[in-house]
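> I need the structure of the sequence given here:
(one chain, ligands or ions: 1)
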Amino acid sequence: MPETPAYPVGLRLAGRRVVVVGGGTVAQRRLPALLAAGADVVLVAPVTTPAVEAMAEAGEFTWERRAYQEGDLEAAWYAIAATDEPAVNAAVTAEAEARRVWCVRSDDAEAATAWTPATGRSEGVTVAVLSGGGGPRRDPRALAAVRDAIVAGLGDGTLSAPRGRPRTPGVALVGGGPGDPDLITVRGRRLLAEADVVVADRLGPRDLLDELPPHVEVIDAAKIPYGRAMAQEAINQALVEHAKAGRSVVRLKGGDPFVFGRGMEEAQQLAAEGIEVTVVPGISSSVSVPAAVGIPVTHRGVAHEFTVVSGHVPPGDARSLVDWSALARLRGTLVMLMAVENIGAIAEALLAHGRPADTPVAMIQEGTMATERRVDATLATAGERAREQGVRPPAVIVVGDVVTVGPAAGPGAGPAAAPAGPAAGPDAAPAADTRQ
Ligand SMILES: C[S@@+](CC[C@H](N)C(=O)[O-])C[C@H]1O[C@@H](n2cnc3c(N)ncnc32)[C@H](O)[C@@H]1O
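Okay, the predicted model is just below:
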(Lines give C-alpha, C1' and ligand atoms only; values in the text may rest on other atoms or scores of the structure.)
Protein backbone atom coordinates (compact mmCIF):
# COMPACT_ATOMS: atom_id res chain seq x y z
CA MET A 1 0.00 0.00 0.00
CA PRO A 2 1.38 3.45 -0.83
CA GLU A 3 2.78 5.19 2.19
CA THR A 4 1.67 8.67 3.21
CA PRO A 5 4.79 10.78 2.96
CA ALA A 6 6.25 12.20 6.13
CA TYR A 7 6.48 15.98 6.42
CA PRO A 8 10.18 16.87 6.62
CA VAL A 9 11.19 19.40 9.23
CA GLY A 10 14.35 20.41 11.09
CA LEU A 11 13.98 20.47 14.87
CA ARG A 12 15.89 23.18 16.72
CA LEU A 13 16.48 21.35 19.95
CA ALA A 14 19.03 23.58 21.70
CA GLY A 15 18.15 23.79 25.39
CA ARG A 16 14.95 21.77 24.84
CA ARG A 17 14.24 18.53 26.65
CA VAL A 18 14.46 15.29 24.70
CA VAL A 19 13.66 12.06 26.50
CA VAL A 20 15.30 8.86 25.29
CA VAL A 21 13.89 5.67 26.77
CA GLY A 22 16.27 2.71 26.47
CA GLY A 23 20.06 2.69 26.69
CA GLY A 24 21.03 0.21 23.97
CA THR A 25 22.60 0.61 20.57
CA VAL A 26 19.76 2.72 19.16
CA ALA A 27 20.28 5.27 21.94
CA GLN A 28 24.04 5.04 21.38
CA ARG A 29 23.55 5.99 17.74
CA ARG A 30 21.02 8.77 18.31
CA LEU A 31 22.61 10.50 21.31
CA PRO A 32 25.59 12.16 19.55
CA ALA A 33 23.38 14.03 17.07
CA LEU A 34 20.92 15.05 19.79
CA LEU A 35 23.79 16.36 21.90
CA ALA A 36 25.35 18.09 18.90
CA ALA A 37 22.00 19.86 18.42
CA GLY A 38 22.29 21.14 22.00
CA ALA A 39 19.31 19.15 23.29
CA ASP A 40 18.75 18.80 27.04
CA VAL A 41 18.74 14.99 26.95
CA VAL A 42 17.29 12.82 29.69
CA LEU A 43 17.95 9.11 29.24
CA VAL A 44 15.73 6.66 31.09
CA ALA A 45 17.13 3.14 31.29
CA PRO A 46 18.15 0.72 34.05
CA VAL A 47 21.24 -0.34 32.07
CA THR A 48 23.07 1.05 29.06
CA THR A 49 25.86 0.08 26.70
CA PRO A 50 29.35 0.96 27.99
CA ALA A 51 29.61 3.79 25.44
CA VAL A 52 26.33 5.36 26.60
CA GLU A 53 27.41 4.95 30.22
CA ALA A 54 30.70 6.70 29.47
CA MET A 55 28.83 9.64 27.91
CA ALA A 56 26.56 9.85 30.97
CA GLU A 57 29.55 9.74 33.30
CA ALA A 58 31.14 12.56 31.32
CA GLY A 59 28.05 14.63 32.15
CA GLU A 60 26.83 14.89 28.56
CA PHE A 61 23.23 14.19 29.58
CA THR A 62 21.10 13.20 32.57
CA TRP A 63 20.74 9.48 33.14
CA GLU A 64 17.73 8.28 35.14
CA ARG A 65 19.01 4.83 36.04
CA ARG A 66 15.66 3.06 36.22
CA ALA A 67 12.80 1.70 34.14
CA TYR A 68 10.41 4.00 32.30
CA GLN A 69 7.49 5.39 34.30
CA GLU A 70 4.36 7.16 33.11
CA GLY A 71 5.08 10.88 33.38
CA ASP A 72 8.68 10.70 32.17
CA LEU A 73 7.78 12.70 29.07
CA GLU A 74 6.66 15.70 31.05
CA ALA A 75 8.33 18.82 29.66
CA ALA A 76 9.69 16.87 26.67
CA TRP A 77 9.62 18.39 23.18
CA TYR A 78 10.66 15.17 21.50
CA ALA A 79 11.04 11.54 22.55
CA ILE A 80 12.65 8.34 21.40
CA ALA A 81 11.24 4.98 22.50
CA ALA A 82 14.14 2.60 22.01
CA THR A 83 13.90 -0.22 24.52
CA ASP A 84 13.89 -3.85 23.42
CA GLU A 85 10.47 -4.36 25.01
CA PRO A 86 7.61 -3.56 22.63
CA ALA A 87 5.19 -3.03 25.54
CA VAL A 88 7.43 -0.33 27.04
CA ASN A 89 7.90 1.33 23.66
CA ALA A 90 4.12 1.25 23.18
CA ALA A 91 3.60 2.88 26.59
CA VAL A 92 6.12 5.62 25.77
CA THR A 93 4.46 6.22 22.41
CA ALA A 94 1.04 6.38 24.06
CA GLU A 95 2.22 8.95 26.61
CA ALA A 96 3.84 10.96 23.82
CA GLU A 97 0.61 10.90 21.82
CA ALA A 98 -1.40 12.04 24.85
CA ARG A 99 1.06 14.90 25.50
CA ARG A 100 1.40 15.76 21.78
CA VAL A 101 5.13 15.09 21.85
CA TRP A 102 6.61 13.82 18.58
CA CYS A 103 7.98 10.35 19.23
CA VAL A 104 10.25 7.98 17.29
CA ARG A 105 9.83 4.29 17.98
CA SER A 106 12.70 1.93 17.27
CA ASP A 107 10.71 -1.30 16.90
CA ASP A 108 7.65 -0.14 14.96
CA ALA A 109 7.88 2.74 12.49
CA GLU A 110 4.16 2.51 11.71
CA ALA A 111 3.23 3.14 15.34
CA ALA A 112 5.56 6.16 15.61
CA THR A 113 4.62 9.80 15.07
CA ALA A 114 8.11 10.72 13.85
CA TRP A 115 10.85 9.06 11.82
CA THR A 116 14.57 9.61 12.00
CA PRO A 117 15.92 10.30 8.51
CA ALA A 118 19.20 8.93 7.21
CA THR A 119 21.38 11.99 7.67
CA GLY A 120 24.79 13.18 6.59
CA ARG A 121 26.62 16.47 6.35
CA SER A 122 28.72 18.07 3.69
CA GLU A 123 29.79 21.64 2.98
CA GLY A 124 27.64 23.10 5.75
CA VAL A 125 24.54 21.33 4.42
CA THR A 126 22.60 18.63 6.26
CA VAL A 127 21.24 15.95 3.98
CA ALA A 128 18.23 14.09 5.41
CA VAL A 129 16.61 11.24 3.48
CA LEU A 130 13.18 9.87 4.40
CA SER A 131 11.06 7.16 2.91
CA GLY A 132 7.80 8.25 1.29
CA GLY A 133 6.32 10.05 -1.64
CA GLY A 134 3.54 7.65 -2.55
CA GLY A 135 5.66 4.57 -3.29
CA PRO A 136 6.27 1.51 -1.16
CA ARG A 137 8.29 1.87 2.04
CA ARG A 138 11.99 1.93 1.27
CA ASP A 139 14.47 -0.31 3.03
CA PRO A 140 16.53 1.78 5.53
CA ARG A 141 19.67 0.56 3.76
CA ALA A 142 18.38 2.00 0.50
CA LEU A 143 17.79 5.34 2.25
CA ALA A 144 21.29 5.23 3.71
CA ALA A 145 22.67 4.51 0.24
CA VAL A 146 20.86 7.56 -1.20
CA ARG A 147 22.22 9.65 1.67
CA ASP A 148 25.75 8.32 1.10
CA ALA A 149 25.57 9.03 -2.63
CA ILE A 150 24.48 12.63 -2.05
CA VAL A 151 27.06 13.30 0.68
CA ALA A 152 29.85 11.68 -1.34
CA GLY A 153 28.82 13.60 -4.48
CA LEU A 154 28.82 16.91 -2.63
CA GLY A 155 32.10 16.01 -0.95
CA ASP A 156 34.04 15.08 -4.07
CA GLY A 157 32.40 17.61 -6.35
CA THR A 158 30.72 15.07 -8.66
CA LEU A 159 27.37 16.44 -7.48
CA SER A 160 27.82 20.15 -7.79
CA ALA A 161 25.66 23.03 -6.73
CA PRO A 162 27.83 25.80 -8.18
CA ARG A 163 25.55 28.75 -7.50
CA GLY A 164 25.31 28.06 -3.81
CA ARG A 165 28.81 26.73 -3.35
CA PRO A 166 31.00 29.05 -1.27
CA ARG A 167 34.43 29.12 -2.91
CA THR A 168 37.47 28.74 -0.73
CA PRO A 169 39.48 31.94 -1.16
CA GLY A 170 43.25 32.01 -1.68
CA VAL A 171 45.33 28.85 -1.74
CA ALA A 172 44.49 25.48 -0.23
CA LEU A 173 47.49 23.39 0.80
CA VAL A 174 45.98 19.96 0.38
CA GLY A 175 47.58 16.78 1.72
CA GLY A 176 46.80 14.21 -0.94
CA GLY A 177 47.80 11.08 0.97
CA PRO A 178 50.39 8.53 -0.13
CA GLY A 179 49.27 7.99 -3.73
CA ASP A 180 46.16 5.82 -3.90
CA PRO A 181 43.49 8.29 -5.07
CA ASP A 182 41.05 6.86 -2.51
CA LEU A 183 43.31 8.00 0.32
CA ILE A 184 42.83 11.76 -0.05
CA THR A 185 40.44 13.32 2.47
CA VAL A 186 36.89 14.23 1.49
CA ARG A 187 37.72 17.91 2.06
CA GLY A 188 40.81 17.67 -0.11
CA ARG A 189 38.85 16.09 -2.91
CA ARG A 190 36.15 18.74 -2.72
CA LEU A 191 38.68 21.58 -2.91
CA LEU A 192 40.31 19.87 -5.88
CA ALA A 193 36.93 19.76 -7.62
CA GLU A 194 36.50 23.51 -7.04
CA ALA A 195 39.97 24.52 -8.21
CA ASP A 196 40.88 26.67 -11.21
CA VAL A 197 44.59 25.92 -10.79
CA VAL A 198 46.26 22.84 -9.28
CA VAL A 199 49.97 22.85 -8.48
CA ALA A 200 50.89 19.20 -8.01
CA ASP A 201 53.92 17.27 -6.81
CA ARG A 202 55.19 14.02 -8.27
CA LEU A 203 54.13 12.19 -5.11
CA GLY A 204 50.53 11.98 -4.00
CA PRO A 205 47.36 11.03 -5.86
CA ARG A 206 48.42 11.88 -9.41
CA ASP A 207 45.51 9.88 -10.85
CA LEU A 208 43.11 12.51 -9.54
CA LEU A 209 44.56 15.05 -11.96
CA ASP A 210 43.05 13.08 -14.85
CA GLU A 211 39.59 13.69 -13.46
CA LEU A 212 39.92 17.46 -13.51
CA PRO A 213 37.84 19.31 -16.10
CA PRO A 214 39.79 20.67 -19.11
CA HIS A 215 39.63 24.32 -18.01
CA VAL A 216 41.67 23.54 -14.86
CA GLU A 217 45.30 24.53 -15.23
CA VAL A 218 47.64 21.87 -13.82
CA ILE A 219 51.16 23.00 -12.94
CA ASP A 220 53.69 20.23 -12.42
CA ALA A 221 55.89 21.03 -9.45
CA ALA A 222 57.64 17.68 -9.66
CA LYS A 223 60.49 17.55 -7.22
CA ILE A 224 62.21 14.39 -8.30
CA PRO A 225 64.74 13.29 -5.64
CA TYR A 226 68.30 14.01 -6.70
CA GLY A 227 67.03 15.17 -10.09
CA ARG A 228 65.65 18.24 -11.82
CA ALA A 229 63.42 20.33 -9.62
CA MET A 230 61.13 23.27 -10.05
CA ALA A 231 62.61 25.66 -7.51
CA GLN A 232 60.55 26.29 -4.41
CA GLU A 233 60.59 30.01 -5.22
CA ALA A 234 59.02 29.29 -8.59
CA ILE A 235 56.29 27.24 -6.93
CA ASN A 236 55.63 29.99 -4.41
CA GLN A 237 55.53 32.56 -7.18
CA ALA A 238 53.02 30.53 -9.18
CA LEU A 239 50.79 30.14 -6.12
CA VAL A 240 50.93 33.86 -5.36
CA GLU A 241 50.29 34.98 -8.95
CA HIS A 242 47.27 32.74 -9.48
CA ALA A 243 45.76 33.54 -6.09
CA LYS A 244 46.21 37.28 -6.69
CA ALA A 245 44.46 36.88 -10.04
CA GLY A 246 41.41 35.66 -8.07
CA ARG A 247 41.71 32.01 -9.03
CA SER A 248 40.92 29.16 -6.72
CA VAL A 249 44.29 27.49 -6.20
CA VAL A 250 45.05 24.05 -4.79
CA ARG A 251 48.60 23.12 -3.88
CA LEU A 252 48.33 19.33 -3.96
CA LYS A 253 51.05 17.65 -1.94
CA GLY A 254 51.94 14.06 -1.19
CA GLY A 255 51.05 12.73 2.27
CA ASP A 256 50.56 15.49 4.81
CA PRO A 257 51.65 19.03 3.88
CA PHE A 258 53.53 19.50 7.16
CA VAL A 259 55.46 16.20 7.25
CA PHE A 260 58.64 16.88 5.30
CA GLY A 261 56.40 18.68 2.83
CA ARG A 262 57.63 22.27 3.03
CA GLY A 263 54.00 23.19 3.63
CA MET A 264 54.76 25.79 6.25
CA GLU A 265 57.31 27.52 4.00
CA GLU A 266 54.61 27.91 1.38
CA ALA A 267 52.00 28.99 3.95
CA GLN A 268 54.38 31.65 5.33
CA GLN A 269 55.18 32.98 1.89
CA LEU A 270 51.49 33.21 1.00
CA ALA A 271 50.64 34.86 4.33
CA ALA A 272 53.41 37.41 3.74
CA GLU A 273 51.69 38.27 0.46
CA GLY A 274 48.35 38.68 2.27
CA ILE A 275 46.87 35.55 0.69
CA GLU A 276 44.46 33.42 2.70
CA VAL A 277 45.72 29.88 3.24
CA THR A 278 43.60 26.82 4.02
CA VAL A 279 45.51 23.77 5.24
CA VAL A 280 43.93 20.38 4.61
CA PRO A 281 45.78 17.65 6.51
CA GLY A 282 46.63 14.50 4.62
CA ILE A 283 47.42 10.89 5.42
CA SER A 284 51.19 10.82 5.76
CA SER A 285 53.13 8.08 4.01
CA SER A 286 55.01 7.61 7.28
CA VAL A 287 52.09 5.71 8.78
CA SER A 288 49.94 4.78 5.79
CA VAL A 289 52.60 3.10 3.66
CA PRO A 290 53.64 0.68 6.44
CA ALA A 291 49.94 0.07 7.19
CA ALA A 292 49.24 -0.72 3.54
CA VAL A 293 51.62 -3.69 3.73
CA GLY A 294 50.40 -4.82 7.14
CA ILE A 295 53.02 -3.16 9.35
CA PRO A 296 51.61 -1.33 12.40
CA VAL A 297 53.98 1.42 13.52
CA THR A 298 53.02 0.62 17.11
CA HIS A 299 51.88 -2.69 18.59
CA ARG A 300 50.97 -3.52 22.18
CA GLY A 301 53.86 -5.23 23.90
CA VAL A 302 56.21 -4.54 20.97
CA ALA A 303 56.62 -0.81 20.39
CA HIS A 304 55.43 2.08 22.53
CA GLU A 305 56.83 4.77 20.28
CA PHE A 306 57.53 5.50 16.66
CA THR A 307 59.89 8.13 15.38
CA VAL A 308 59.67 9.58 11.88
CA VAL A 309 63.03 10.67 10.50
CA SER A 310 64.25 12.12 7.24
CA GLY A 311 67.23 10.22 5.85
CA HIS A 312 67.96 12.64 3.02
CA VAL A 313 71.39 13.45 4.44
CA PRO A 314 73.61 10.67 5.82
CA PRO A 315 74.81 10.37 9.43
CA GLY A 316 77.90 12.50 9.99
CA ASP A 317 76.90 15.04 7.34
CA ALA A 318 77.27 18.57 8.68
CA ARG A 319 73.75 19.45 7.43
CA SER A 320 72.10 16.63 9.41
CA LEU A 321 69.86 17.60 12.34
CA VAL A 322 69.34 13.95 13.38
CA ASP A 323 70.94 12.42 16.47
CA TRP A 324 71.51 8.89 15.13
CA SER A 325 73.16 7.66 18.33
CA ALA A 326 70.07 8.66 20.33
CA LEU A 327 67.82 6.95 17.77
CA ALA A 328 69.91 3.77 18.02
CA ARG A 329 69.23 3.65 21.75
CA LEU A 330 65.43 3.78 21.30
CA ARG A 331 63.65 0.42 21.36
CA GLY A 332 60.63 1.48 19.33
CA THR A 333 59.91 1.86 15.64
CA LEU A 334 61.98 4.04 13.35
CA VAL A 335 60.21 5.20 10.19
CA MET A 336 62.49 6.77 7.62
CA LEU A 337 61.50 8.86 4.63
CA MET A 338 63.82 9.90 1.81
CA ALA A 339 66.36 7.38 3.12
CA VAL A 340 66.89 5.00 0.19
CA GLU A 341 70.18 6.52 -0.97
CA ASN A 342 71.59 6.55 2.54
CA ILE A 343 70.18 3.37 4.03
CA GLY A 344 73.59 1.64 4.11
CA ALA A 345 75.22 4.46 6.05
CA ILE A 346 72.17 4.88 8.31
CA ALA A 347 72.09 1.15 9.16
CA GLU A 348 75.81 1.26 9.95
CA ALA A 349 75.31 4.23 12.29
CA LEU A 350 72.42 2.53 14.09
CA LEU A 351 74.48 -0.67 14.49
CA ALA A 352 77.53 1.24 15.67
CA HIS A 353 75.44 2.89 18.39
CA GLY A 354 73.97 -0.35 19.65
CA ARG A 355 70.80 -1.23 17.75
CA PRO A 356 70.86 -5.06 17.36
CA ALA A 357 71.97 -6.42 13.98
CA ASP A 358 68.94 -8.70 13.65
CA THR A 359 66.43 -5.83 14.01
CA PRO A 360 63.87 -6.35 11.21
CA VAL A 361 63.72 -3.80 8.39
CA ALA A 362 61.09 -3.35 5.68
CA MET A 363 61.51 -1.10 2.65
CA ILE A 364 58.23 -0.25 0.96
CA GLN A 365 58.52 1.36 -2.43
CA GLU A 366 55.60 3.22 -4.07
CA GLY A 367 53.28 2.25 -1.23
CA THR A 368 49.51 2.15 -1.92
CA MET A 369 50.12 2.40 -5.65
CA ALA A 370 49.72 -0.30 -8.31
CA THR A 371 53.51 -0.68 -8.38
CA GLU A 372 53.90 -1.10 -4.62
CA ARG A 373 56.59 -3.51 -3.49
CA ARG A 374 58.15 -4.51 -0.22
CA VAL A 375 61.68 -5.70 0.44
CA ASP A 376 62.50 -7.17 3.86
CA ALA A 377 65.91 -7.28 5.51
CA THR A 378 67.62 -6.85 8.86
CA LEU A 379 69.66 -3.90 10.01
CA ALA A 380 72.80 -5.91 9.14
CA THR A 381 71.64 -6.56 5.55
CA ALA A 382 69.52 -3.49 4.76
CA GLY A 383 72.08 -1.58 2.68
CA GLU A 384 73.02 -4.60 0.61
CA ARG A 385 69.39 -5.72 0.13
CA ALA A 386 68.36 -2.24 -1.01
CA ARG A 387 71.16 -2.25 -3.59
CA GLU A 388 70.68 -5.78 -4.90
CA GLN A 389 66.87 -5.43 -5.07
CA GLY A 390 67.12 -2.01 -6.72
CA VAL A 391 64.91 -0.25 -4.18
CA ARG A 392 64.14 3.22 -5.51
CA PRO A 393 62.47 6.34 -4.11
CA PRO A 394 59.80 6.94 -3.08
CA ALA A 395 60.14 4.41 -0.30
CA VAL A 396 59.38 4.28 3.39
CA ILE A 397 61.85 2.29 5.48
CA VAL A 398 60.62 0.80 8.75
CA VAL A 399 63.08 -0.43 11.38
CA GLY A 400 61.89 -2.37 14.42
CA ASP A 401 60.14 -5.45 15.70
CA VAL A 402 56.77 -4.25 14.38
CA VAL A 403 57.95 -5.30 10.91
CA THR A 404 57.41 -8.95 11.75
CA VAL A 405 54.26 -8.84 13.89
CA GLY A 406 51.88 -8.94 10.92
CA PRO A 407 51.06 -11.82 8.60
CA ALA A 408 53.45 -10.60 5.87
CA ALA A 409 56.90 -12.03 5.21
CA GLY A 410 59.70 -11.68 7.76
CA PRO A 411 63.35 -10.57 7.44
CA GLY A 412 65.21 -11.73 4.39
CA ALA A 413 62.06 -12.52 2.45
CA GLY A 414 61.19 -10.99 -0.87
CA PRO A 415 58.17 -8.86 -1.71
CA ALA A 416 55.16 -9.65 0.46
CA ALA A 417 51.50 -9.28 -0.32
CA ALA A 418 49.55 -6.58 1.49
CA PRO A 419 46.93 -8.19 3.70
CA ALA A 420 44.17 -5.77 2.86
CA GLY A 421 43.43 -2.93 0.46
CA PRO A 422 43.32 0.59 1.84
CA ALA A 423 39.54 0.72 1.83
CA ALA A 424 39.06 -2.57 3.67
CA GLY A 425 38.21 -2.80 7.37
CA PRO A 426 35.12 -2.54 9.52
CA ASP A 427 34.58 1.16 8.94
CA ALA A 428 34.35 0.63 5.19
CA ALA A 429 30.99 -1.13 5.62
CA PRO A 430 28.02 1.00 4.59
CA ALA A 431 25.90 2.26 7.44
CA ALA A 432 22.94 -0.04 7.98
CA ASP A 433 19.57 0.78 9.50
CA THR A 434 19.60 4.51 10.03
CA ARG A 435 15.89 4.96 10.38
CA GLN A 436 13.48 3.67 12.92
C1 LIG B 1 59.37 15.00 0.58
S2 LIG B 1 58.82 13.62 1.50
C3 LIG B 1 57.13 14.01 1.64
C4 LIG B 1 56.39 13.22 2.67
C5 LIG B 1 54.92 13.51 2.69
N6 LIG B 1 54.65 14.87 3.04
C7 LIG B 1 54.16 12.60 3.64
O8 LIG B 1 53.61 13.02 4.66
O9 LIG B 1 54.07 11.39 3.29
C10 LIG B 1 58.87 12.36 0.29
C11 LIG B 1 59.14 11.01 0.87
O12 LIG B 1 57.96 10.46 1.42
C13 LIG B 1 57.98 9.07 1.26
N14 LIG B 1 56.81 8.67 0.45
C15 LIG B 1 55.81 9.47 0.06
N16 LIG B 1 54.88 8.76 -0.61
C17 LIG B 1 55.29 7.50 -0.63
C18 LIG B 1 54.76 6.30 -1.14
N19 LIG B 1 53.59 6.26 -1.77
N20 LIG B 1 55.47 5.15 -0.97
C21 LIG B 1 56.64 5.16 -0.32
N22 LIG B 1 57.19 6.28 0.18
C23 LIG B 1 56.53 7.43 0.05
C24 LIG B 1 59.27 8.71 0.59
O25 LIG B 1 60.22 8.44 1.59
C26 LIG B 1 59.56 9.98 -0.14
O27 LIG B 1 60.94 10.08 -0.46
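
> What residues sit buried inside stretch 383-390?
Residues of stretch 383-390 classed as buried: Gly383, Arg385, Ala386, Gln389 (neighbour count, 16 or more other CB atoms under 10 Å). For every residue, glycine as well, the C-beta is placed using N, CA and C.

> Helix or strand for the third one, just tell me which one.
This points to Ala386. Applying DSSP states H and E as the criterion places Ala386 in helix 382-388.

> Output the contacting helices and strands for that helix.
helix 343-352, strand 360-365, strand 373-378 (3 or more CB pairs under 8 Å, 6 or more residues apart in numbering; DSSP states H and E).

> Quick check: which of those is buried the most?
strand 360-365 (a mean of 25; mean count of other CB atoms under 10 Å).

> so what strands line up beside that one?
Applying DSSP bridges, strand 360-365 is found paired with strand 373-378 (antiparallel), strand 395-399 (antiparallel).

> by how many degrees do that strand and helix 343-352 diverge?
When axes from the mean of the first three to the mean of the last three CA atoms, to 10 degrees is applied, the directions of strand 360-365 and helix 343-352 differ by 160 degrees.

> Now do strand 360-365: everything it contacts.
With contact meaning CB atoms under 8 Å, 6 or more residues apart in numbering, strand 360-365 is reached by 289-290, 292-293, 295, 340, 343, 347, 371-379, 381-382, 385-386, 389, 391-401, 403-404, 410-411.

> Considering only those residues, which also neighbour the ligand?
Of the residues in these, proximity to the ligand by CB under 6 Å from any ligand atom holds for Val289, Pro393, Pro394, Ala395, Val396.

> if I pick the last one, what's in contact with it?
By that I understand Val396. The contact partners of Val396, taken as CB under 8 Å, 6+ apart, are Ser285, Ser286, Val289, Pro290, Val335, Met336, Leu337, Met363, Ile364, Gly367.

> State the distance from the fourth one to Ile397.
According to CB to CB, to the nearest Å, Pro290 and Ile397 sit 10 Å apart.

> Check the first one too.
In this view, Ser285 and Ile397 are 11 Å apart by CB to CB.

> try the last one
Distance of Gly367 to Ile397, given as CB to CB: 11 Å.

> How about the second one?
The spacing between Ser286 and Ile397, counted by CB to CB, is 10 Å.

> the more surrounded of the two?
Legend: neighbour count by other CB atoms under 10 Å for Ser286 and Ile397, higher for Ile397 (29 against 22).

> Helices along the stretch 201-350 of the chain, start to end?
Secondary structure of the stretch 201-350 of the chain (DSSP state H, counting those that start in this stretch): helices at 207-210, 232-244, 263-272, 285-292, 324-329, 343-352.
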